[in-house]
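Asker: Return a 3D structure for these sequence lines:
(2 chains)
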Amino acid sequence: GQQVMQIPQYQHVQEGEDFTTYCNSSTTLSNIQWYKQRPGGHPVFLIQLVKSGEVKKQKRLTFQFGEAKKNSSLHITATQTTDVGTYFCAGRRRQGNEKLTFGTGTRLTIIP
Amino acid sequence: NAGVTQTPKFQVLKTGQSMTLQCAQDMNHEYMSWYRQDPGMGLRLIHYSVGAGITDQGEVPNGYNVSRSTTEDFPLRLLSAAPSQTSVYFCASSYSKFADSPLHFGNGTRLTVT
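Answerer: Model prediction:
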């Protein structure tokens, strides 16, 4: 079945440093979504990427979708304590697009 | 709108007991789903529904049943609880079953099976 892997599993950064998490799918995706889960909370939708090679920005967050639509990345510039949490990517296959498969997540902790 | 409401927030069961996790949404969403979250494994899809009267299996359906008698409600039943079902369970809904529809999650149910 479809597998979506994320690396790294954990990332500790000093406040102000940059952070990147990578998402890789075993199959071609129709689109990819990113979610953030604060400690003790539930996942919250951040953004969706649909087109091959697409890049979107939300303030300090930059999201990319690979040319082959099998990988994606999230980059945070100059991290802040409010960025703490686990970031998940999630994708649907082109065929059978009813199931959204989540990546394993990257937990970001910030050292003040 | 309350969004997606899950009850209970916490539950402790003994092995072999059964229970139902409740999920309700007031957004008239077509698609509803259940995920379980375990450390290091992300969110894994248990069951999902694309509309009232229609359900289907996800990645890890064994030991769980669902039904969708109304658009609003999507309960998850544990038939005979096992320690391996200790997890955090999230219900999520979206307005459409199609790829461009983001999920709205409930606050989760933390289940412990002893």
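Asker: Ignoring the adjacent residues along the chain, who's closest to the residue sitting nearest the centre point of chain B?
Answerer: Most central in chain B under CA atoms, centre = their mean is B:W34, positioned 2.8 Å from the mean C-alpha point. Sequence neighbours aside, B:I46 is the residue nearest to B:W34 in space, at 4.3 Å (criterion: CB to CB, 6 or more residues apart in numbering or on different chains). Using the backbone N, CA and C atoms, a C-beta is placed for each residue, glycine as well.
Asker: re earlier: tell me what the residue nearest to the centre of chain B is bridged to.
Answerer: B:W34 has the following beta-bridge partners by DSSP bridges: B:H47, B:C91.
Asker: And it, how close does it get to chain A?
Answerer: To chain A, B:W34 is 12 Å away according to CB to the nearest CB, to the nearest Å.
Asker: swap in B:N28?
Answerer: Taken as CB to the nearest CB, the span from B:N28 to chain A is 18 Å.
Asker: Quote the end-to-end distance of stretch A:18-38.
Answerer: One end of stretch A:18-38 sits 18 Å from the other (CA to CA, to the nearest Å).
Asker: okay but the residue nearest to B:W34 is in contact with B:P61, surely?
Answerer: Yes: the criterion here is CB atoms under 8 Å, and B:I46 meets it with B:P61 at 5.9 Å.
Asker: So which of these two has more stuff around it?
Answerer: B:I46 (23 against 16; other CB atoms under 10 Å in any protein chain shown).
Asker: For that one, give me the pLDDT.
Answerer: Per-residue pLDDT puts B:I46 at 96.
Asker: Name the residues of chain B found near chain A, please.
Answerer: Residues of chain B that fall close to chain A, judged by CB under 8 Å from any CB of the partner chain: B:31, B:33, B:35, B:40-45, B:48, B:50, B:56, B:58-59, B:90, B:92, B:97-100, B:102-108.
Asker: Just the buried ones from those?
Answerer: B:31, B:33, B:35, B:42-45, B:48, B:50, B:58-59, B:90, B:92, B:97, B:99, B:102-106, B:108 (16 or more other CB atoms under 10 Å in any protein chain shown).
Asker: Let's see which of the residues you listed end up in strands.
Answerer: Judged by DSSP state E, those include B:31, B:33, B:35, B:43-45, B:48, B:50, B:90, B:92, B:104-105 as members of strands.
Asker: Can you name the residues that contact A:R38?
Answerer: Listed by CB atoms under 8 Å, 6 or more residues apart in numbering or on different chains, the contact set of A:R38 reads A:44, A:84-85.
Asker: Now it. Its backbone dihedrals?
Answerer: Here is the backbone geometry of A:R38 (degrees, to the nearest 10): phi -70, psi 150.
Asker: how about the nearest residue to B:G42, chain neighbours excluded?
Answerer: Per CB to CB, 6+ apart, closest to B:G42 is A:T104, 4.2 Å.
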